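S.K.: Generate coordinates for the sequence data below:
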Amino acid sequence: MRRLGIALPPVAAILVAAAPHHAPHAAQAGHGAARSAVVGVSGSPQNAHAYAAAGAAAYETDFPQPLVARIAGGDGAAPKVRFRCEQPDCKLYILDAPSDFERSDPRTFTIGASDRKVSARVSITAPRLGTYTVSVALADAKGGSRADAAVYSLTVR
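M.R.: I've put the predicted structure just below:
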């Protein structure tokens, strides 16, 4: 078989023929919109002392540095950004919530980006000490993510 102007042995020809090819219309799947990603700027890793009230079943920890991210790519629209604690036993809170703050569930909240940047000081309530992962991603209308996420590592100690 001759393909791409070079002679290939039969096994190599099968591998080339079976290799994935990108369809020419794949770029049009998002109606021409450039793909966006949330890129972490600062705020990770960090750790903070946890506090627990007498008899409380969980530790509360306020982190001193904000989680700062920027939105790379995409159009100039003012996006909403979703913050989510990835561990199921973690509750994520924002300190000094802006007016566009929305809570999806105890682990997730959404705020708007300004000038394609977002910043939030957070607090975690969790039943144990340890490291927790917070992802920050663009949120679609249904609250899911349509872009790459920035990942932050926060240690409760």
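S.K.: Contacts only, for Ala72.
M.R.: Listed by Cβ atoms under 8 Å, 6 or more residues apart in numbering, the contact set of Ala72 reads 36-39. Every C-beta, even on glycine, is put in place using the N, C-alpha and C of the backbone.
S.K.: Would you mind giving the secondary structure of it?
M.R.: Here Ala72 is recorded as strand under DSSP: H, G, I helix; E, B strand; the rest coil.
S.K.: Quickly note the distance from it to Tyr59.
M.R.: From Ala72 across to Tyr59, the span is 34 Å (Cβ to Cβ, to the nearest Å).
S.K.: returning to that earlier point: of the contacts of Ala72, closest to Leu92?
M.R.: Distance ranking of the contacts of Ala72 against Leu92, using Cβ to Cβ, places Val38 first at 15.8 Å.
S.K.: Contacts only, for the nearest residue to Gly130 once chain neighbours are set aside.
M.R.: Excluding the flanking residues, the one nearest Gly130 by Cβ to Cβ, 6 or more residues apart in numbering is Val156, at 6.2 Å. Neighbouring residues of Val156 by Cβ under 8 Å, 6+ apart: 47-48, 50, 59, 61, 124, 126, 128-132.
S.K.: Alright, that wraps it up for me.
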